[in-house]
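1. Model the structure of this input:
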Amino acid sequence: MAVVTRVTDLIGRTPLFELAATDTGTRLLLKLEQFNPTGAAKIRMARSMIDDAEQRGLLRDGGHIIESTSGNTGLGLAVVAAERGYRFTAVVDNHACKDKLRAMAAMGTDLVFVADDGDDDLATSAREDLAEAMAAARADAYFTEQHNNDANAVGYYAVAEELLEDLGHVDVLFSAVGTGGSLFGTATRLRQLGCVPRVIGVEPVGSIAFGGPGGPYWQSGTGTPPGATIGTAVDYALLDEGVKVSDSDAFAAARAIARKLGLLLGGSAGGSVFGALQRLEEFPAGSTVVTIVCDGGEKYLDTVFDDEWMGARELLDPITEAEVGVLLDRYAPATRTPRLVPAR
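-> Residues are numbered from 1 along each chain as shown. Below is the predicted model:
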């Protein structure tokens, strides 16, 4: 890439990592969105939502952006707001990763908490209600409302274009569903370009988007907690199958991948990879399976990758970590040969 002058010019063209391959030629590829600025996919949709608001006259020079966020959307909006001279207020809770909150503040974001210190429950519904009320009370404010903003999914159209440019085709999309933008936006654009993959969405146990009882969960930035509204970006017409993965299984996968391969993935990506590894032999021979890794694991060193935090919440599962390690060895691509270090 030539020299650029804006951080958002660095969005996209993220790499693909071949995590696993079967004897029948099926491959599991990770679209590593942590190589975007802010280390997450959601900067794609943050820019798209602001572009759309400007084009429709909903956000004018010097305006005020307001959003409810668990972190990664807020980080993306913070970058766009800084570049374009907007004020940005992020309505957050203490469930969010502390590093995400600190990074938003460093970029000039005003943080408004809906919960007291020490209350680390997920408060999606309360956040959204407050963000909407704050925006309604200010003439210059625009509530991006990521869960119900059509520009969210459009922001991920480029992911589909990049996948087809790099791979030629995609047979299975197997990825986490939060707002739904990354999975369904990518799937929509793939279809527009003549590629119709099998779409498998993943949400945490406790999320309500795919039915079943709701409850608390710790996977960040994904799922729909009880009391929250399922966003319009969740396009059930494109969904072939919805699966649920527990926090302990998702985090075990992320931890196993870190230790086996030196690759840090976020907890929601751990859930998608866990599900895909379990199913890899079921797909037709020669299938290209893609998981969109929405963020890396560096932001979760105090949570997913911290034994004390995990143990306090009864999430440690060394047996599952070992089982994932076995699968990684079984499906290791032929080109991934361990480097043997001579004994001293």
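2. Quickly list what residue 65 is bridged to.
-> Counting by DSSP bridges, residue 65 forms beta bridges with residue 88, residue 142.
3. ok, residue 156 - contacts?
-> Neighbour list for residue 156: 41, 44-45, 181-182, 185-186, 189 [criterion: CB atoms under 8 Å, 6 or more residues apart in numbering]. All C-beta atoms are positioned from the backbone trio N, CA, C, and that covers glycine.
4. you'd agree residue 283 is up against residue 26?
-> Yes - using CB atoms under 8 Å, residue 283 makes contact with residue 26 at a distance of 5.2 Å.
5. Need the overlap of contacts for the two.
-> In contact with both residue 283 and residue 26: residue 289, using CB under 8 Å, 6+ apart.
6. returning to that earlier point: please pick the buried ones from the contacts of residue 156.
-> Among the contacts of residue 156, those buried by neighbour count (16 or more other CB atoms under 10 Å) are 41, 44-45, 181-182, 185-186, 189.
7. Put together JSON lines for these, with secondary structure, distance to residue 302 and pLDDT on each row.
-> Listed next are the buried ones among the contacts of residue 156 as JSON lines, based on DSSP: H, G, I helix; E, B strand; the rest coil; distance: CB to CB, whole Å; pLDDT from 0 to 100:
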{"residue": "41", "secondary structure": "coil", "distance to residue 302": "22", "pLDDT": "97"}
{"residue": "44", "secondary structure": "helix", "distance to residue 302": "26", "pLDDT": "98"}
{"residue": "45", "secondary structure": "helix", "distance to residue 302": "26", "pLDDT": "97"}
{"residue": "181", "secondary structure": "helix", "distance to residue 302": "27", "pLDDT": "96"}
{"residue": "182", "secondary structure": "helix", "distance to residue 302": "25", "pLDDT": "97"}
{"residue": "185", "secondary structure": "helix", "distance to residue 302": "30", "pLDDT": "98"}
{"residue": "186", "secondary structure": "helix", "distance to residue 302": "30", "pLDDT": "98"}
{"residue": "189", "secondary structure": "helix", "distance to residue 302": "35", "pLDDT": "98"}
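8. Closest one to residue 158 out of those residues, please.
-> Nearest to residue 158 among these is residue 44, at 6.7 Å by CB to CB.
9. Disregarding flanking residues, what is the spatial nearest neighbour of the closest one?
-> Nearest residue to residue 44, sequence neighbours excluded (CB to CB, 6 or more residues apart in numbering): residue 155, at 4.3 Å.
10. That neighbour: what's it in contact with?
-> So residue 155 contacts 44-49, 181, 185 (CB under 8 Å, 6+ apart).
11. Distance of residue 186 relative to residue 31?
-> With distances taken as CB to CB, to the nearest Å, residue 186 is found 9 Å from residue 31.
12. Overlap in contacts, the two.
-> Shared contacts of residue 186 and residue 31 (CB under 8 Å, 6+ apart): 159, 163, 292.
13. Please consider this matter closed, and thank you.
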